[in-house]
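Peer 1: coords below, sequence missing:
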């Protein structure tokens, strides 16, 4: 989709002014690619006592076994201090652990150094989180990602599409939708603006806007396709027949090495084989890192013995194979859309100067802060309730 040659395109930070730093875990073991391992890690922590429990927990300045914190919004974890905690693990939830890598997290505030509760308060089936990546600078890959899940990617900012649950109050510069409606001749939805951003955002996180209704429609259509592939919810994406990846030789029980044969378009997983894997899927990068290589590293790197992270599957789960085949498909389809994102030029630009003259920019300070949730009850430390 369109590129722009001038530097008067508005910044993403002006178009979606409220942003939150991504959660900071402080320890890796509360996340992982499978639920059973997370529950086993929790059980091991609960069985340990005294110094052994403290060592397994991996305390930091922000979190120790004696930290008193409230529940994460929408979750049901305990709020008693971990030093005397017992009982089953809180049911893990799906999160975006790395670009295109959906893993699981124990959503217990006591395990997370900086959980960003304001993100959890607005996370629901309507929410879409826009995540800045290192590619917003000089690294290769898309400058932004879209996800329905709580994103744990660092260091970029997270920009929710909506400031309140239920798709209420778009996180867009006040007056932006009305100004675009006047210039385009129709009223765009908040999801349309997000789709346009995903399709056109450039390194440096500038977003060239247009008043050309036809160009806008094509950009939104492209962006909606990209968002759908990135979110991976709803119908499963598929490559055309003959291009769909399959397991050609069984994957080994314990996967150790990964090698890609570009000529054969084949992933060699020890003695296992997956093909066809298009070079565009293998080469796809986010934040300057090959997505598939990073995905495998998260599942095959050897953790430190004796830690909770060392509790993991002893054999390669079938579910990981299914996730791998879908990830290859998603990356191949996204790579096909790349040329469309880079090919033409914005006509009838809506510039930052124009938005400033119209009073849309600069955004008021209140738009950069989270909305207050006045009727939302959350359990505070040691079982007390807080009214926000």
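Peer 2: Yep, that arrived. Keep in mind that this is a model prediction, so the values were computed, not measured.
Peer 1: SS state for the nearest residue to residue 149 once chain neighbours are set aside?
Peer 2: In this structure, residue 149 finds its nearest non-sequential neighbour in residue 96, 4.7 Å apart by CB to CB, 6 or more residues apart in numbering. All C-beta spots, glycine's among them, are computed from the backbone N, C-alpha and C. Classification of residue 96 using DSSP: H, G, I helix; E, B strand; the rest coil returns strand.
Peer 1: and for residue 96, the neighbour number?
Peer 2: Using other CB atoms under 10 Å, residue 96 has 25 other residues around it.
Peer 1: so that it lines up with my notes, have the first residue be 13 from now on.
Peer 2: Understood, numbering begins at 13; the last thing we discussed is residue 108.
Peer 1: so what's it bridging to?
Peer 2: Going by DSSP bridges, residue 108 is paired in beta bridges with residue 114, residue 163.
Peer 1: just checking, it touches residue 166?
Peer 2: No: using CB atoms under 8 Å, residue 108 makes no contact with residue 166, being 11.5 Å away.
Peer 1: the stretch 163-312 of the chain: helices as residue ranges?
Peer 2: Taking DSSP state H, counting those that start in this stretch as the test, the helices found in the stretch 163-312 of the chain are 188-196, 202-212, 225-243, 291-295, 303-312.
Peer 1: tell me which of those helices lies nearest to residue 45.
Peer 2: Taking CB to CB, helix 303-312 is the member of these nearest to residue 45, at 5.5 Å.
Peer 1: tell me the mean pLDDT over the helix or strand following the closest one?
Peer 2: Under the assignment DSSP states H and E, the closest C-terminal helix or strand after helix 303-312 is helix 330-354. Confidence over helix 330-354 (mean pLDDT, whole number) is 94.
Peer 1: mind checking how far helix 330-354 is from the chain centre?
Peer 2: In this view, helix 330-354 has its centroid 15 Å away from the chain centroid, taken as CA atoms, centre = their mean, to the nearest Å.
Peer 1: show me which residues of it are buried.
Peer 2: For helix 330-354, burial by neighbour count (16 or more other CB atoms under 10 Å) applies to 332-333, 335-347, 349, 352-353.
Peer 1: contacts for stretch 243-256?
Peer 2: Applying CB atoms under 8 Å, 6 or more residues apart in numbering, the contact partners of stretch 243-256 are 114, 140, 158-160, 240-241, 257, 288, 290, 338, 341-342, 344-345.
Peer 1: of those residues, closest to residue 230?
Peer 2: Within the contacts of stretch 243-256, distances to residue 230 taken as CB to CB reach their minimum at residue 240, with 16.0 Å.
Peer 1: tally of neighbours for that closest one?
Peer 2: Residues within reach of residue 240, counting by other CB under 10 Å, total 17.
Peer 1: mind listing what it touches?
Peer 2: By CB under 8 Å, 6+ apart, the contact list for residue 240 reads 246, 249.
Peer 1: domain map for this structure?
Peer 2: What automatic domain parsing lists as the domains of the chain is 24-248+356-399, 258-349.
Peer 1: deepest of the ones you listed, which one?
Peer 2: Greatest average neighbour count among those goes to domain 24-248+356-399 (a mean of 18), per mean count of other CB atoms under 10 Å.
Peer 1: hang on, residue 106 packs against residue 119?
Peer 2: No: using CB under 8 Å, residue 106 is not in contact with residue 119; the gap is 10.2 Å.
Peer 1: measure residue 68 to residue 104 for me?
Peer 2: Note on residue 68: its distance to residue 104, by CB to CB, to the nearest Å, is 18 Å.
Peer 1: show me the shaky parts of this protein.
Peer 2: Flagging of the chain using pLDDT under 70 yields the residue ranges 13-18, 147-151, 356, 385-400.
Peer 1: in which helix or strand would I find residue 85?
Peer 2: Using DSSP H and E, no helix or strand contains residue 85.
Peer 1: quick one: it and residue 91, what's the gap?
Peer 2: On the measure of CB to CB, residue 85 and residue 91 end up 13 Å apart.
Peer 1: before we move on, what about residue 198?
Peer 2: Residue 198 is 49 Å from residue 91, by CB to CB.
Peer 1: kindly report the same for residue 231.
Peer 2: Note on residue 231: its distance to residue 91, by CB to CB, is 46 Å.
Peer 1: cool, and residue 101?
Peer 2: 15 Å.
Peer 1: likewise for residue 263?
Peer 2: From residue 263 to residue 91 the distance is 41 Å (CB to CB).
Peer 1: ditto for residue 340
Peer 2: From residue 340 over to residue 91 the distance is 42 Å, taken as CB to CB.
Peer 1: could you do residue 155 as well?
Peer 2: In terms of CB to CB, residue 155 sits 38 Å off from residue 91.
Peer 1: same check, this time on residue 213
Peer 2: Residue 213 is 39 Å from residue 91, by CB to CB.
Peer 1: before we move on, what about residue 64?
Peer 2: With distances taken as CB to CB, residue 64 is found 23 Å from residue 91.
Peer 1: what does residue 109 give?
Peer 2: Relative to residue 91, and taking CB to CB, residue 109 is found at 25 Å.
Peer 1: ok, now residue 221?
Peer 2: Residue 221 is 45 Å from residue 91, by CB to CB.
Peer 1: likewise for residue 327?
Peer 2: Taken as CB to CB, the span from residue 327 to residue 91 is 36 Å.
Peer 1: please enumerate the strands of the stretch 13-162 of the chain.
Peer 2: 43-44, 105-110, 113-117, 141-144, 156-159, 162-163 (DSSP state E, counting those that start in this stretch).
Peer 1: looking at the ones you listed, which is closest to residue 80?
Peer 2: Distance to residue 80, taken as CB to CB, is lowest for strand 113-117 among the strands of the stretch 13-162 of the chain, at 20.9 Å.
Peer 1: give me the helices and strands touching that closest one, please.
Peer 2: With contacts defined as 3 or more CB pairs under 8 Å, 6 or more residues apart in numbering; DSSP states H and E, the packing partners of strand 113-117 are strand 43-44, helix 47-59, strand 105-110, helix 303-312.
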